[in-house]
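Asks: sequence and computational prediction follow.
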There are 2 protein chains.
Amino acid sequence: MERVKPRTLSGFMELLPAQQAKMERMLQVLRETYSLYGFAPLDTPVIESAEVLLAKGGGETEKQIYRFTKGDSDLALRFDLTVPLAKFVAANYGQLAFPFRRYQIGKVYRGERAQRGRFREFYQADIDIIGDGALDVINEAEIPAIIYRTFTALGLKGFCIRVNNRKILNGFFAILGLTDRAADVMHAIDRLDKIGAENVAAILIDSVGLTQAQADEILRFITVPGGSAEKLQYLAQYRGRNEVFDTGLDELTAVAGCLPAFGVPEDHFRIDLTIARGLDYYTGTVYETTMTAHPEIGSICSGGRYDNLAEYYTDKKLPGVGISIGVTRLFYVLQEQNMLSEAVVSAPADAMVLPMTEDIAFAIEAATALRDAGIRTQLYCEKKKFKARIGYADKLGVPYVLFIGEDEIRDGVVAVKDMATGVQTTCTLPEAAALIRTGLAVRGSGCVIAE
Amino acid sequence: MERVKPRTLSGFMELLPAQQAKMERMLQVLRETYSLYGFAPLDTPVIESAEVLLAKGGGETEKQIYRFTKGDSDLALRFDLTVPLAKFVAANYGQLAFPFRRYQIGKVYRGERAQRGRFREFYQADIDIIGDGALDVINEAEIPAIIYRTFTALGLKGFCIRVNNRKILNGFFAILGLTDRAADVMHAIDRLDKIGAENVAAILIDSVGLTQAQADEILRFITVPGGSAEKLQYLAQYRGRNEVFDTGLDELTAVAGCLPAFGVPEDHFRIDLTIARGLDYYTGTVYETTMTAHPEIGSICSGGRYDNLAEYYTDKKLPGVGISIGVTRLFYVLQEQNMLSEAVVSAPADAMVLPMTEDIAFAIEAATALRDAGIRTQLYCEKKKFKARIGYADKLGVPYVLFIGEDEIRDGVVAVKDMATGVQTTCTLPEAAALIRTGLAVRGSGCVIAE
């Protein structure tokens, strides 16, 4: 027979079982944490009508979109989870209760140029809160709490939620009389991290045409040092000069003020006036989250407040706030940095039952009893030598092996071996289940990320 | 602004939140049950190289496949989870431990003619056990246990796992001297359920060219009445006349014999000699599962034993056994039959915190405390009238609402209303958490399917 080389397309992540177990754990933590905040799971199709998906135009991603025809239909694969959300809310407006809080964890597709660490198929894990006409600022204040709990539940310790408010920037530019050049100014300060203050000042003066004084004031403004209290106090000096600025400052004050009640520690939060997050979509609070030890990775969770989710589909005003985690890229980065815990059980089973006799009825009963007790159990009956059987359990990393020989069958007991310590215990089935459960509880307490 | 009508393609299931909650529950039960049997989760790309995906040829589904080009690449969307598994195992052979047990729950794509109850994007939930060169029959015997536990965990009671062995059919045809006409005979008996015994006999005689005696023997054989013991005894009369038949009978005897130890009740299992499941892929035990009250729906979980998973990719012999549940279709059918439980909590939150004052700090603390206790909590602070707020909680079906007014803030307590009974209790936060948890434990014990 002629054979085809089995290969997976480049830019598509396909993990071996032990790594996939960690990815599943991450996805489960995301589902559970998002659910704790009252978000409903949503599942939209991967394929949409191209007309619907590209109603807004794909922007920078348009070239990357997987678009094709099937019969008469012009189709495309979703490139994010926001456009499908907008479609869903507009299409089902009458049947939803607002604010509508949904999470969606799913694969999206972008045919980017293939390179290390860039993916063409990747998971996004999004939450959004959509209001009908209005949405209280408390929803913006709650987002840092969700980010904090999510990454803490994953096991990440060194991270910082950086927050800004677009109204403050827009109001500030208006105060300086720079509203018509706001986009250029924003573009320049967005690069502060990469090129430094001096180069930003040079661009502001030479390219954007600002005076030295204006450039100085902007740089002083966005780089003002101190904690949240100091920054809010500094910003207060501009109060009363522009309505948009004042509203933005009120919102930022509300967001920062709610953090203690939401349980977000001060050292995991920072007001960062340099964050802009693109030029037009976001209108209020914006968020970025960076890993303290790896600022070079950039933001691992971003989002913000917007005024109009679905304007391409409906005349209903649907303001919202949302964040997105690029799960596939995050997983890749954690893997690269050796930050995925080795302590997490990544074996497909907690226990393996190895019958040592021809008669396997008791071995089957033992496996069934363990499964009834909620223990993930594999029954291994292949006709192999003892060494090969143990080698198999070892290769999978199964933490407990149960041997069942003639003596055990006669006495109605099992010999349980803890594969980590080598300790072997002969006991009844309920005792074995209890022993394994206790051992797993200790191992299972670890998080998927280890710093 | 010109607007695009927001619509979802026909043949693509997109559920509203309350229904999606039930779907998520089903998927979670499948993940957990499959995991109990030591299957590792696998996640392969939705897009594959067309050359790889269609190595075997798409067969009947070839026309239905979503195939397109992107740049120079000839791509296709997966139409099942078996071909990607074959690719994965062939590509990663050296890094896997065999038997390799994997489950995969994911969307697959078939551009079928759109009609009610037919889906172009649908979830399959597959398990397979792949051996390296050989695979013990115990793996075939374990499959009914997995099917039984899975549907029982979902809440289905009236279902029957029907099992046959292809070697018995092939051996029997050989005994009758009909090996060269086996495919035609199989095709005729496969229609027994639909057209009845008389018409099958007519086809066997008129079209296939069998004698009356041969047709009679075949029909007597496949419709022999009785339980497993009687059927196995009936089959035993053919022993010693054909090696393949004898092997098949040994295997079927082993599968039926293991059921008690695996905990599968006799009334949920039936040997059904009419099951063929296609003509060439399966080589041993084959499975179908039908709902007792709805035989018209056909099989809701099918599969079987095969000899060569990945022959199009590798010369390694990889025998296996697997089953598949078409989750999207099953969900659709259960919905149509009103078999999805209304008792399951389908609200996105277990509790809603409603602050009745301007100062919401204590309300935020209350929500945070409930979330710390693992209770899915929504904080509702929109500026609406009381009636609208309660109406919102009602519309979502949130089981508990916590009111926090001036009195509660002063006394450090909350007023918890059970929305089902209307009973309101004023208590501390830990007491509220305990009260809600107890109430949820009662509700949560229900399964997603209710008969």
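Replies: Great, that's in hand.

Asks: so which residues on the stretch 351-451 of chain A come close to chain B?
Replies: By C-beta under 8 Å from any C-beta of the partner chain, the residues of the stretch 351-451 of chain A that approach chain B are A:352, A:360-362, A:364-365, A:368, A:371-372, A:374-383, A:392, A:395-396. Bear in mind the C-beta positions are built from the backbone N, C-alpha and C, glycine included.

Asks: let's see that with 7 Å instead.
Replies: Counting by C-beta under 7 Å from any C-beta of the partner chain, the positions of the stretch 351-451 of chain A adjacent to chain B are A:360-361, A:364-365, A:368, A:371, A:376-379, A:381-383, A:392, A:395-396.

Asks: for the buried ones among those residues, write the corresponding PyMOL selection.
Replies: This is how PyMOL selects the buried members of those, with burial counted by 16 or more other C-beta atoms under 10 Å in any protein chain shown:
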select buried, chain A and resi 360+364+365+368+371+376+377+378+379+381+382+392+396
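
Asks: just the ones of the residues of the stretch 351-451 of chain A next to chain B in helices?
Replies: A:Ala361, A:Ile364, A:Glu365, A:Thr368, A:Arg371, A:Tyr392, A:Lys395, A:Leu396 (DSSP state H).

Asks: shouldn't the third one be in contact with B:Phe262?
Replies: No - taking contact to mean C-beta atoms under 7 Å, the distance of 8.5 Å between A:Glu365 and B:Phe262 leaves them out of contact.

Asks: circling back: can you put the ones in helices among the residues of the stretch 351-451 of chain A next to chain B in CSV and add pLDDT?
Replies: As requested, those are exported to CSV (pLDDT from 0 to 100):
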residue, pLDDT
A:Ala361, 96
A:Ile364, 97
A:Glu365, 97
A:Thr368, 97
A:Arg371, 98
A:Tyr392, 97
A:Lys395, 95
A:Leu396, 96
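
Asks: ok so, going back, among the residues of the stretch 351-451 of chain A next to chain B, which two are most distant?
Replies: With C-beta to C-beta as the measure, no two of those lie farther apart than A:Ala361 and A:Lys395, at 27.4 Å.

Asks: next, A:Tyr287: secondary structure please.
Replies: Put simply, A:Tyr287 is strand when judged by DSSP: H, G, I helix; E, B strand; the rest coil.

Asks: show me the beta-bridge partners of it.
Replies: When bridges are called by DSSP bridges, A:Tyr287 pairs up with A:Val163, A:Gly303.

Asks: that one reaches A:Gly304, doesn't it?
Replies: Yes - assessed by C-beta under 7 Å, A:Tyr287 is found in contact with A:Gly304 at 6.0 Å.

Asks: let me know the outermost residue of chain A.
Replies: A:Arg410 (52.3 Å; C-alpha atoms, centre = their mean).

Asks: okay, and that residue sits in which element?
Replies: For A:Arg410, the element it lies in under DSSP states H and E is helix A:406-411.

Asks: show me where the stretch 251-400 of chain A has its helices.
Replies: Using DSSP state H, counting those that start in this stretch, the helices of the stretch 251-400 of chain A run over A:327-336, A:361-372, A:386-396.

Asks: any idea which helix or strand comes after the lowest-mean-pLDDT helix or strand in chain A?
Replies: None of the helices or strands of chain A scores lower by mean pLDDT, DSSP states H and E than helix A:192-195, at a mean of 86. Downstream of helix A:192-195, the first helix or strand assigned by DSSP H and E is helix A:197-206.

Asks: other residues contacting that following helix?
Replies: Helix A:197-206 has contacts (C-beta atoms under 7 Å, 6 or more residues apart in numbering or on different chains) with A:Val185, A:Ala188, A:Ile189, A:Arg191, A:Leu192, A:Leu210, A:Gln212, A:Ala215, A:Ile218, A:Leu219, A:Thr223.

Asks: try it again with 6 Å
Replies: By C-beta atoms under 6 Å, 6 or more residues apart in numbering or on different chains, the list of residues contacting helix A:197-206 from outside reads A:Ala188, A:Leu192, A:Leu210, A:Ala215, A:Leu219.

Asks: spit out the contact partners of the last one.
Replies: The neighbourhood of A:Leu219, defined by C-beta under 6 Å, 6+ apart, consists of A:Ala197, A:Ala201.

Asks: one more: the fourth one?
Replies: Listed by C-beta under 6 Å, 6+ apart, the contact partners of A:Ala215 are A:Ala201, A:Leu204, A:Ile205.

Asks: of all these, which comes closest to chain B?
Replies: Closest approach between those and chain B, by C-beta to the nearest C-beta: A:Leu204, at 33.7 Å.

Asks: for that closest one, which non-adjacent residue is spatially closest?
Replies: Excluding its sequence neighbours, the residue lying closest to A:Leu204 (C-beta to C-beta, 6 or more residues apart in numbering or on different chains) is A:Ala215, at 4.2 Å.

Asks: gap between that neighbour and chain B?
Replies: A:Ala215 is 37 Å from chain B, where distance means C-beta to the nearest C-beta, to the nearest Å.

Asks: just say helix, strand or coil for that residue.
Replies: Look at A:Ala215: counting by three-state DSSP, its state is helix.

Asks: show me the shaky parts of the stretch 351-451 of chain A.
Replies: Where the stretch 351-451 of chain A drops to pLDDT under 70, the residues are A:444-445.

Asks: swap the cut-off to 80 and go again
Replies: A:443-446 (pLDDT under 80).

Asks: in it, what residue lies closest to chain B?
Replies: A:Gln378 (3.1 Å).

Asks: wait, isn't that residue in contact with A:Asp350?
Replies: No - at 9.1 Å, A:Gln378 does not count as touching A:Asp350 under the criterion of C-beta atoms under 6 Å.

Asks: what is in contact with these two at once?
Replies: By C-beta under 6 Å, 6+ apart, no residue touches both A:Gln378 and A:Asp350.

Asks: give me the residue at the spatial middle of chain A.
Replies: Central residue of chain A (C-alpha atoms, centre = their mean): A:Ile325, at 3.1 Å.

Asks: measure A:Asp246 to A:Gly278 for me?
Replies: As judged by C-beta to C-beta, to the nearest Å, A:Asp246 and A:Gly278 stand 24 Å apart.

Asks: out of those two, which sits in the busier spot?
Replies: A:Asp246 (17 against 14; other C-beta atoms under 10 Å in any protein chain shown).

Asks: so how far is the helix holding A:Arg410 off the chain centroid?
Replies: Relative to its chain's centre, helix A:406-411 lies at 50 Å (C-alpha atoms, centre = their mean, to the nearest Å).

Asks: swap in stretch A:228-243?
Replies: Centroid displacement of stretch A:228-243 relative to its chain, using C-alpha atoms, centre = their mean, is 33 Å.

Asks: mind listing residues that contact it?
Replies: With contacts defined as C-beta under 6 Å, 6+ apart, stretch A:228-243 is touched by A:Gly171, A:Ala174, A:Ile175, A:Val224, A:Phe245, A:Asp246, A:Leu249, A:Thr253, A:Ala256, A:Ile271.

Asks: just the buried members of the residues you listed?
Replies: Among the contacts of stretch A:228-243, the ones that count as buried by 16+ other C-beta under 10 Å are A:Gly171, A:Ala174, A:Ile175, A:Phe245, A:Asp246, A:Leu249, A:Thr253, A:Ala256, A:Ile271.

Asks: residues contacting the closest residue to the first one other than its chain neighbours?
Replies: Yep, that's A:Gly171 we're talking about. In space, and not counting its chain neighbours, A:Gly171 is closest to A:Phe245: 2.4 Å by C-beta to C-beta, 6+ apart. Applying C-beta under 6 Å, 6+ apart, we find A:Phe245 in contact with A:Gly171, A:Phe172, A:Tyr238.

Asks: export those residues to CSV and tack on pLDDT and secondary structure?
Replies: CSV is the format used below for the contacts of A:Phe245 (pLDDT from 0 to 100; DSSP: H, G, I helix; E, B strand; the rest coil):
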residue, pLDDT, secondary structure
A:Gly171, 96, helix
A:Phe172, 96, helix
A:Tyr238, 96, coil
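
Asks: please name the nearest non-neighbouring residue to the residue of the stretch 351-451 of chain A closest to chain B.
Replies: Excluding its sequence neighbours, the residue lying closest to A:Gln378 (C-beta to C-beta, 6+ apart) is B:Gly38, at 3.1 Å.
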